[in-house]
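J.: model the following, please.
(chains A and B)
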Amino acid sequence: MPAAGVVMIIAVVLIVAAVVFYLVSVILALRKITTGLDDAITGVVGIIEKSAPVEGVVTTINKNLDAGVDLLEGLLVKKAGMDDAVGLIDGLYPGAGAEGLRNFPESKEVKPLRISEVYTKGTLTLARLGREAPIAAASPNGPALRNPAYGSTAARALYPEVRQTRPEVMPPSPVIGTDSPIQYDPTEEVGGPRKRMPAGSERSTGADARAV
Amino acid sequence: MILEWIGDVVLLIVVLPVVIYLLHGVLKAANSIVPSVRSIAASANDGSADLDGAALLATTQDQVIKTVESAADYGGSLDVILDDA
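T.: Okay, here's the model as predicted:
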């Protein structure tokens, strides 16, 4: 065999060897890819199976929540009126009053009352439950119906008129001693019932008495 | 004879390097896909694991239904107790 033929055979063998080596390497790489894709498919199938009922469940939840919102909105508007309802919502969630109520498009036109500035939540609830009073029904641009900083007088007014509204006119504590302005006779005072001073009496006596 | 030597030279100097270059490119591309596929598989498995809590939506659904029913009952009571505005 001539030398040129031998060299050609060697060259062809080298080419074939290179092709075999690289093709086997590519096959191994493709097998790794296949394995990885199988894992990915398994995960994706799990995602599909687990997320399949989500739409139905979420739809049901939204329907129930919508029904609840409809119920509560309707009840609030029915019981509190549109103005107070929007004012209450805006007081609890600032800015929410501008969005209005979902089932009451006209509520967007209502200017929220300043309920939260005037009354606390507890006071608002009590007032609403107890008297159905149109609290904060005055113009939002006007003064507050109740000053929250000095609002205790309003609560005191709920109790008997003894000391709550005019503590300054209550009779002062008695001055004791030999030089006290009022001298008590021990023969009359000892053993007898204590005198009860009614509220508002003896306003002009005592050092702390002030003109009313 | 000269043509045979020329063919040998062409095989060794031109054809063999070109074949090796092309096959090396294919192998490099195939190997570059492997980590990407593995990361995709890992992400899919993590996503599937994250959705394990989706089964709890059924409980949430039941709780929402009960809550709305309670709110409806409470609202009905309030509707009776309170006067309308």
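
J.: for chain B, which residue gets nearest to chain A?
T.: Closest residue of chain B to chain A, CB to the nearest CB: B:A44 (2.6 Å). Glycine gets a C-beta too; all of them are placed from N, C-alpha and C.

J.: now that residue: which helix or strand?
T.: Element membership for B:A44 (DSSP states H and E) is helix B:16-50.

J.: can you check A:M82 too?
T.: Counting by DSSP H and E, A:M82 is part of helix A:54-92.

J.: would you mark the buried spots in that helix?
T.: By neighbour count on 16 or more other CB atoms under 10 Å in any protein chain shown, the buried set for helix A:54-92 is A:57, A:60-61, A:64, A:67-68, A:71-73, A:75-91.

J.: pLDDT at residue 42, what is it?
T.: Just so you know, I chose chain A. With respect to pLDDT, A:T42 scores 93.

J.: I was after chain B.
T.: We have a pLDDT of 93 for B:A42.

J.: which residues touch the residue in chain A that chain B sits nearest to?
T.: Nearest to chain B in chain A, going by CB to the nearest CB, is A:G43, at a distance of 2.6 Å. Residues in contact with A:G43 (CB atoms under 8 Å, 6 or more residues apart in numbering or on different chains) are B:41, B:43-48.

J.: which of those residues count as buried?
T.: For the contacts of A:G43, a burial check counting by 16+ other CB under 10 Å picks out B:41, B:44-45, B:48.

J.: which one of those is nearest A:R102?
T.: B:S48 (36.7 Å; CB to CB).

J.: what's the separation between A:D70 and B:D62?
T.: Going from A:D70 to B:D62 by CB to CB, to the nearest Å gives 20 Å.

J.: just B:G76 next, same as before
T.: To B:D62, B:G76 is 21 Å away according to CB to CB.

J.: what sits up against stretch B:60-78?
T.: By CB under 8 Å, 6+ apart, stretch B:60-78 touches A:57, A:60-61, A:64-65, A:67-68, A:71-72, A:75, A:79.

J.: now could you export just the CA positions of stretch A:78-94 as CSV?
T.: Extracted in CSV, the C-alpha atoms of stretch A:78-94 (Å, rounded to 0.1, in the frame of the first residue of the first chain):
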residue,chain,number,x,y,z
LYS,A,78,-80.2,51.9,56.1
LYS,A,79,-79.4,52.4,59.7
ALA,A,80,-77.1,55.4,59.6
GLY,A,81,-78.1,57.2,56.5
MET,A,82,-76.0,57.9,53.5
ASP,A,83,-74.3,61.0,55.0
ASP,A,84,-73.3,59.4,58.3
ALA,A,85,-72.4,56.1,56.6
VAL,A,86,-69.9,57.8,54.2
GLY,A,87,-68.6,59.9,57.1
LEU,A,88,-68.1,56.8,59.3
ILE,A,89,-66.3,55.0,56.5
ASP,A,90,-64.1,58.0,55.8
GLY,A,91,-63.4,58.3,59.5
LEU,A,92,-62.4,54.8,59.9
TYR,A,93,-60.5,54.6,56.6
PRO,A,94,-59.3,58.1,55.6
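
J.: quick one: that stretch near chain B?
T.: Yes: contact of stretch A:78-94 with chain B (CB under 8 Å from any CB of the partner chain) involves A:78-81, A:84.

J.: next up, the contacts around the spatially closest residue to B:N31 that is not a sequence neighbour.
T.: Counting by CB to CB, 6 or more residues apart in numbering or on different chains, B:N31 lies nearest to A:A29, which is 5.1 Å off, once chain neighbours are set aside. Shown in contact with A:A29 (CB under 8 Å, 6+ apart): B:27, B:30-31, B:33-34.
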